[in-house]
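1. here's my sequence, what's the structure:
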Amino acid sequence: MPVNKATHIALLRGINVGGNRRLPIKYLAAMFREAGCVDVETYIQTGNLVFRVPPTVAKRLPGTITTAIEQQFGFSVPVVIRSQEELAATVTRNPFLKRGLDTAALHVAFLADVPDPACVAALDATRSPGDSFILRGRDIYLWLPNGVARTKLTNDYFDRTLKTVSTVRNWNTVLKLLEMVQNL
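-> Coordinates of the predicted model:
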């Protein structure tokens, strides 16, 4: 009996940005294939992959890929995985879309885990004046009208406060990844 392979995305944080932490995408795609993924496709050079894999393998992928990168390239990279259904839900429940805000300022911070309620209570809504965020499950919807480079709502802030790993994508990238998983 064939194994069911569901479509997923992997979001890696902090690779190939500004010439730092170089990781050739062809090697990254090969790592995913070696880990049991099929139909691996990449989107831009900053660590976005779409692939099919059995759900049991998908759960182990963050640790498997992080270890492989560390062994081969000498640095640690957080990896966040979402299923096709989870990504579709992320898109449909974006609360900022209902407000008619400029989508160029919209981003999503994808969290590795659902944060503990006590950690969520520690978030400071006034940390970055002019910017807004709304946490829903493992997604933080961000409206950053002053730009992602100027916000104080950073991966480091969310990781420390929520005690998990985050990685941010702009809204156009999120939509492109959804299109890719729907067409795989």
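
2. now do the same contact list for residue 46.
-> Each residue near residue 46 by Cβ atoms under 8 Å, 6 or more residues apart in numbering is listed here: 12, 15, 16, 17. Placement of C-beta: from N, CA and C, glycine included.

3. may I have the phi/psi pair for it?
-> The phi and psi values for residue 46, taken as degrees, to the nearest 10, are phi -100, psi 20.

4. circling back: which of the contacts of residue 46 sits closest to residue 169?
-> Taking Cβ to Cβ as the measure, residue 169 lies nearest residue 12 of the contacts of residue 46, at 10.8 Å.

5. for residue 127, see how far away the closest one is.
-> 25 Å (Cβ to Cβ, to the nearest Å).

6. higher neighbour count, those two?
-> residue 12 (22 against 14; other Cβ atoms under 10 Å).

7. so what's that one closest to, chain neighbours aside?
-> Nearest non-adjacent residue to residue 12, counting by Cβ to Cβ, 6 or more residues apart in numbering: residue 47, 3.0 Å away.

8. export the top helix by length along the chain as CSV, just CAs?
-> Criterion DSSP state H: the longest helix present in the chain is helix 55-73. Taking C-alpha atoms only, helix 55-73 is exported to CSV below (Å, rounded to 0.1, in the frame of the first residue of the first chain):
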residue,chain,number,x,y,z
PRO,A,55,3.1,13.5,7.9
THR,A,56,5.2,11.4,10.3
VAL,A,57,8.3,12.5,8.4
ALA,A,58,7.2,16.1,8.4
LYS,A,59,7.2,16.2,12.2
ARG,A,60,10.8,15.2,12.3
LEU,A,61,12.0,17.5,9.5
PRO,A,62,12.9,20.6,11.5
GLY,A,63,15.4,18.7,13.6
THR,A,64,16.7,16.6,10.7
ILE,A,65,17.3,19.6,8.5
THR,A,66,18.7,21.8,11.2
THR,A,67,21.2,19.0,12.1
ALA,A,68,22.2,18.4,8.4
ILE,A,69,22.8,22.1,7.9
GLU,A,70,24.9,22.4,11.0
GLN,A,71,27.0,19.4,10.0
GLN,A,72,27.5,20.4,6.4
PHE,A,73,27.7,24.2,6.7
